[in-house]
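Undergrad: sequence first, then the predicted structure, then my questions.
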Amino acid sequence: GSVWSTVSFAVVGEIRGHSAEVSHVKWNALHQNWVTASEDCTIRMWGEEGGPALKADLLKRQGLDRQVDEGEDVLIKLDTEGFSSLAVEPSQGHVIVGLSDASVVIIDMAREIVLQVYRGHRDVARSIVCVADKRQLITAGWDHSIRIWSLPKGAAGR
């Protein structure tokens, strides 16, 4: 896909790397990058102009000292049949996704780990809102329910 400037309305970059349809995209204001979820069961991060975000840069921004391969992209593959929703937790920049099994997970992309799994919807969560100052996650599902979840320590707030 193309990245367009909101000032000049010109194409400033392209996002390429998923091997299937991109189903969701969000801006991660904390890390200043794009987050995409695809039907190839991957979540990726991209620079402002569309190039892959580098894991070393993300780790450095989070103050984590870990060796990674030079030029390694920020990418995680999950064992799912697809993503139903995508959000970004604003105070830590963690990625939150609804999965095909109706669960919702919080992911630390830099460390490539799932921080929390929420289960309770009987069908997929179609919308996710993170209210970091209340330490809450609100999900709306195809099961006609809205759920309010407590965020785990470290997933919201500093």
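TA: That came in fine, so what should we check first?
Undergrad: pick out the residue closest to the middle of this structure.
TA: The centre of the chain sits closest to residue 95, judged by CA atoms, centre = their mean, with a distance of 3.1 Å.
Undergrad: who is that one paired with across the strands?
TA: On the basis of DSSP bridges, residue 95 takes part in beta bridges with residue 88, residue 107.
Undergrad: isn't it up against residue 36?
TA: No: Residue 95 sits out of contact with residue 36 when judged by CB atoms under 8 Å, with a separation of 10.1 Å. All C-beta spots, glycine's among them, are computed from the backbone N, C-alpha and C.
Undergrad: residue contacts, residue 85?
TA: With contact set as CB atoms under 8 Å, 6 or more residues apart in numbering, residue 85 has these partners: 24, 97, 98, 104, 124, 125, 126, 127, 128, 139.
Undergrad: ok, now residue 127?
TA: Applying CB under 8 Å, 6+ apart, one finds that residue 127 lies in contact with 85, 139, 140.
Undergrad: which of these fall in helices?
TA: When those are checked against helices (DSSP state H), there are no matches.
Undergrad: save the residues you listed as JSON lines, and put in distance to residue 51 and pLDDT too.
TA: Converted to JSON lines, the contacts of residue 127 look like this (distance: CB to CB, whole Å; pLDDT from 0 to 100):
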{"residue": "85", "distance to residue 51": "26", "pLDDT": "97"}
{"residue": "139", "distance to residue 51": "32", "pLDDT": "98"}
{"residue": "140", "distance to residue 51": "33", "pLDDT": "98"}
